[in-house]
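*Asks:* kindly generate the corresponding structure for this input.
(one chain, ligands or ions: 2)
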Amino acid sequence: MKYTKFIVVEGINGSGKSTICNYILKLLNKLHIYNVIKIHEPGSTPVAEKLRNIIKFSTGEIFSYKTELLLIYAARLQLLDNIIRPNINKNWILSDRYDLSTYAYQIGGRGLNKNHVIFLQKFINNNIRPNITIYLDVNPVIALQRIDSNLEDRIEKESINFFSKVRCFYIKMAKKDKTIKMVNANKNLKDVKFSVKNIINKLINI
Ligand SMILES: Nc1ncnc2c1ncn2[C@@H]1O[C@H](COP(=O)(O)OP(=O)(O)OP(=O)(O)O)[C@@H](O)[C@H]1O
Ligand SMILES: [Mg+2]
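*Replies:* Ligands and ions are numbered 1, 2, ... in the order given. Predicted coordinates for the structure are as follows:
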């Protein structure tokens, strides 16, 4: 019987995704689950990391929202073909962001047409779905206070209004999809970890 899971952690910048991914990896290891591949999006392959760098740090010219969308899908396809597809039946996969981010940021935040996003999703044959997505819901004012402003990338420099739109879209999607578990990430880290631990325990029937 297949006993691997695909877990995704989502949320706006500064919501605590990287912190919680590290925590989930520790939880799984404590349960003697060691075959876990931890990835982040966009990125996690040599080509996808180059694309991540372009997406996050390009300056000096207009960066079209559609260019951004296409680069994100190019990076995802590299990740799917090189890491996710070859491993999905053998190893657990723990991803910091996946395609819910594209819905929230590119449709909710940037205002791109949903049909274009769905078309690209089908085009890259993205039929691999996570078993569970943990969405860390946080007020953008709180989230952006957690980010070091000296290290901000192109996306993190966006306004509170932008992140509010992204958050609204995340919430809308979470309400429609039972595999998305919303966690109140305005709370302190101890409380957030407690909620996440319960979700992971339920996922593996503890
Ligand atoms: N619930 C929390 N309460 C307080 N601080 C938190 C909480 N969650 C995370 N942090 C802190 O906020 C900072 C940002 O967290 P983290 O890097 O995990 O967020 P992220 O969602 O991965 O951000 P990014 O989208 O920029 O990668 C870190 O210093 C982390 O320790
Ligand atoms: Mg992070």
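
*Asks:* so which helix or strand takes in residue 73?
*Replies:* helix 65-79 (DSSP states H and E).

*Asks:* which is the succeeding secondary structure element to that helix?
*Replies:* According to DSSP H and E, the helix or strand after helix 65-79 is helix 85-87.

*Asks:* which residues does stretch 137-155 contact?
*Replies:* With contact meaning CB atoms under 8 Å, 6 or more residues apart in numbering, stretch 137-155 is reached by 11-16, 55-59, 63, 105, 156, 160, 163-164, 167, 170-171, 174, 182-186. C-betas here are computed from N, CA, C, even on glycine.

*Asks:* circling back: can you give me the buried ones in the helix holding residue 73?
*Replies:* 68-69, 71-79 (16 or more other CB atoms under 10 Å).

*Asks:* same deal with stretch 19-32?
*Replies:* 19-21, 23-25, 27-28.

*Asks:* what about the residue of the chain found nearest ligand 2, how many residues close to it?
*Replies:* Across the chain, the shortest distance to ligand 2 (CB to the ion) belongs to residue 18, at 3.2 Å. If you count neighbours by other CB atoms under 10 Å, residue 18 ends up with 13.

*Asks:* then residue 53?
*Replies:* Neighbour number of residue 53 under other CB under 10 Å is 13.

*Asks:* by contact count, what packs against the helix or strand containing it?
*Replies:* Using DSSP H and E, residue 53 sits in helix 46-57. When contacts are defined as 3 or more CB pairs under 8 Å, 6 or more residues apart in numbering; DSSP states H and E, helix 46-57 packs onto helix 65-79.

*Asks:* any idea how far the helix it packs on is from the middle of the chain?
*Replies:* 14 Å (CA atoms, centre = their mean, to the nearest Å).
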